[in-house]
Structures are given as structure tokens and as C-alpha cells.
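Student: Sequence plus the predicted model coming up.
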Amino acid sequence: MLDLNIPATTSTPCIRTDTARGVLHMSGDSYPENAFEFFQPVLDWVQAYLGDSSLPLQLDIGLLYLNTSSIRIMMDIFDSAEEAFVAGRDIRLVWHYQPENERVAELAEEFSEDCSFPFEIMAYTG
Amino acid sequence: MKPQDLLALRETFDSNAILLSFNGLFSATLIEEIGHALRRHLEALEASSSATADVFSIYIELTQNIRHYSRQKNLPDAMASGTVVISHRSDGHYEVCAGNVLHLADGKALCRHVEQLAGMDKAELKAAYKLQLRMPREPGATTGAGLGLIDMARKSSQPPAAALQVLDEQYGFFSLQIVI
């Protein structure tokens, strides 16, 4: 499986996948005007990873601001993870944020309401 | 513009406590650049990080909506341009206003939608938001998650207000005010 390694731009996040370790990393701002198009490779990777193996998946998130179409896509990604979790897969998510960015924590909190897999919202310390 | 007319424009800016405004054709890059300037400007004014995040987010949703609409409807440049104004009111609230030319029918539908959202409390808005989040994506749609307006209404400290001013029998100028 081909891994993704997309560097961040002003309006798009950094995206890295590690198929061998089962990690999807996304961090930074996300407000591309074509969010559905931008995130399609991520959706494809998640589908393929969850479909091809039964290994654990860790979502390592450090997203900051998301426009509503990025939020919509994120929900699709988390829904796929949720479906796999319900089917017995080891899925966990950690969302890191700077403690002064309350809005990031609130956004993560709302996502977590719709996910039953381990969903940790962690403030960076120090 | 005549040099002596600049004072009147400046007075309009001052009396409305306008921090930043743009009128013209938005490109994706321009939206980013102005957004970047807006964030830096708010930070320099020592706005709280939440206020900065909310103003930025509403600015992005509104300007991207204008761009999506004009492209979806293939509007000529003269009609595709948008107007955005960000102010810091004397009551301490930040305000984002944006407007653009719409087909009258679209403008009327949008006004009704805004009115509907304005009548909802925080819990109802959250429920509407979660419902919209679960709506299936339209095939072929590149965006238009339909979440934008609800999200703005949730971030707003006062009910969102919309106006539609008729330009001719086909078009109107739609404007939306969000107070944070």
C-alpha cells in the first residue's frame, strides 16, 4: 500500500500515513475550498488499510482550524474507523492541542460524542 | 476616486469601527492572504484566541460560500465579486458582514433559511448541525457541506441577520451579518 506524505500549506494540513505501524497523522489548519477532493486520498487510504488487514489503526491528530467541509470529511473518516471498531478492530485516536486554543478542544469534543472508540483530547504541556 | 472623497470613506470606516474590508473578486489565494492578515491583525489587537478563531472561521465560511456560489452559477465577474467587512464594535463584539449578488430565488431561500436558524436556540442549532453532518454527500459535489450557515449561527452571540436588496427582476444583493 502506498503511504501518503503530504506537506502542510497555509490552508491544508500535513498528512502522513504509516501502513507498517498503522498510523494516520494529520496536523495543521484545514480550509481548502475543495476539501472533498483534497481528502479523497486519505479516505482511500483509510478504506484500503481497514479493508486489507486486521491490524490496529491509530489516528494521530493535531488539526487546528477546520472549515465546515473539512469537518464533514473528518466525520466520514471517523465513521469508517467507528465501523471497524464496532466490528472488533483496535482503533484509537489522540487529538493534541495547545491549551490556549479552546476552540480546537471544543471541536474535538464534539467529534468524540459520535465515536465510541478510545478518543483522547490532550493538551500539550510545557 | 477624487482625493477629497477619501475622507467620507474614512469616516464610514471609523464610525463603523471597521478593522478590515474587501470588495472585489475573491480568489482562493486572496481569501488565504486576507485571512492571514486578519488573524495577525486580531492578534495584534490582543483579541482572545477564541474570538480570533471565531472571526477567522466565519470570514472563511462566508468568503468561500461567495466563491462557490458564483462558480456554481457561472456568474460573470461583475456579479461574482463579494464584499466583506470585519468590525470591532463599541460594545466589544466582533462583527463579520459579507454580501454578494444572487439569483432572487436563491436569495429568498437563503433569507428564509437564516430566519429559521435565527429562531433556534443553542441546543436546536447543535441538533441541526449534527443532523446536517450525517446528510449523505451529493455525488460529484466538491464542497457545499451545507454545514456552514448552521456553524456560523452556533458561533454567533446574536441571531444571524440577513437582507436581500432587489437589483433588477433577476438578481438581488444578499448580505449576512454575524456577531461574535
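Tutor: Now that the structure is in, tell me what you want to look at.
Student: contacts and neighbour counts: CA atoms only from here.
Tutor: Fine.
Student: Would you mark the buried spots in the helix or strand bottoming out on mean pLDDT in chain B?
Tutor: Taking mean pLDDT, DSSP states H and E as the measure, chain B has helix B:77-80 as its least confident helix or strand, at a mean of 90. Residues B:Met79, B:Ala80 are the ones in helix B:77-80 that count as buried (16 or more other CA atoms under 10 Å in any protein chain shown).
Student: now for it, which elements pack on it?
Tutor: helix B:49-72, strand B:94-103 (3 or more CA pairs under 8 Å, 6 or more residues apart in numbering or on different chains; DSSP states H and E).
Student: and chain A, which residues reach chain B?
Tutor: For chain A, the contact set with chain B under CA under 8 Å from any CA of the partner chain comprises A:10-11, A:31, A:33-37, A:65, A:67-69, A:72, A:75, A:100-103.
Student: again, only this time at 6 Å
Tutor: By the rule CA under 6 Å from any CA of the partner chain, the part of chain A lying against chain B is A:Asn34, A:Phe36, A:Thr68, A:Ser69, A:Arg72.
Student: how close does the first one get to A:Leu107?
Tutor: Distance from A:Asn34 to A:Leu107, counting by CA to CA, to the nearest Å: 21 Å.
Student: Mind jotting down where the strands sit in chain B?
Tutor: B:18-24, B:82-88, B:94-103, B:161-166, B:171-179 (DSSP state E).
Student: scratch that, chain A is what I was asking about
Tutor: For chain A, the strands defined by DSSP E cover A:5-6, A:14-18, A:23-30, A:57-66, A:91-97, A:119-123.
Student: mind putting these in CSV, mean neighbour count and mean pLDDT included?
Tutor: CSV is the format used below for those (neighbours: other CA atoms under 10 Å in any protein chain shown; pLDDT from 0 to 100):
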stretch, mean neighbour count, mean pLDDT
strand A:5-6, 12, 98
strand A:14-18, 18, 98
strand A:23-30, 21, 98
strand A:57-66, 21, 98
strand A:91-97, 20, 98
strand A:119-123, 17, 97
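Student: Please tabulate the helices and strands packed on helix B:77-80 in TSV, including the columns distance to A:Thr19 and mean pLDDT.
Tutor: Output for those, formatted as TSV (distance: least, CA to CA, whole Å; pLDDT from 0 to 100):
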stretch	distance to A:Thr19	mean pLDDT
helix B:49-72	33	95
strand B:94-103	43	97
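Student: Pick the most buried one from the ones you listed.
Tutor: strand B:94-103 (a mean of 23; mean count of other CA atoms under 10 Å in any protein chain shown).
Student: now the residues of chain A next to chain B in a markdown table, with pLDDT and neighbour count?
Tutor: Formatted as a markdown table, the residues of chain A next to chain B follow (pLDDT from 0 to 100; neighbours: other CA atoms under 10 Å in any protein chain shown):
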| residue | pLDDT | neighbour count |
| --- | --- | --- |
| A:Asn34 | 90 | 17 |
| A:Phe36 | 91 | 22 |
| A:Thr68 | 94 | 27 |
| A:Ser69 | 92 | 25 |
| A:Arg72 | 93 | 24 |
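Student: Just to be sure, which of those are found in helices?
Tutor: A:Phe36, A:Thr68, A:Ser69, A:Arg72 (DSSP state H).
Student: quick one: which two of the residues you listed are the most distant?
Tutor: Of all pairs drawn from those, the greatest distance, 10.9 Å, lies between A:Phe36 and A:Thr68 (CA to CA).
Student: and B:Thr83, bridged to which residues?
Tutor: Beta-bridge partners for B:Thr83, by DSSP bridges, are B:Asn23, B:Gly99.
Student: For it, list the residues it contacts.
Tutor: B:Phe22, B:Asn23, B:Ala98, B:Gly99 (CA atoms under 6 Å, 6 or more residues apart in numbering or on different chains).
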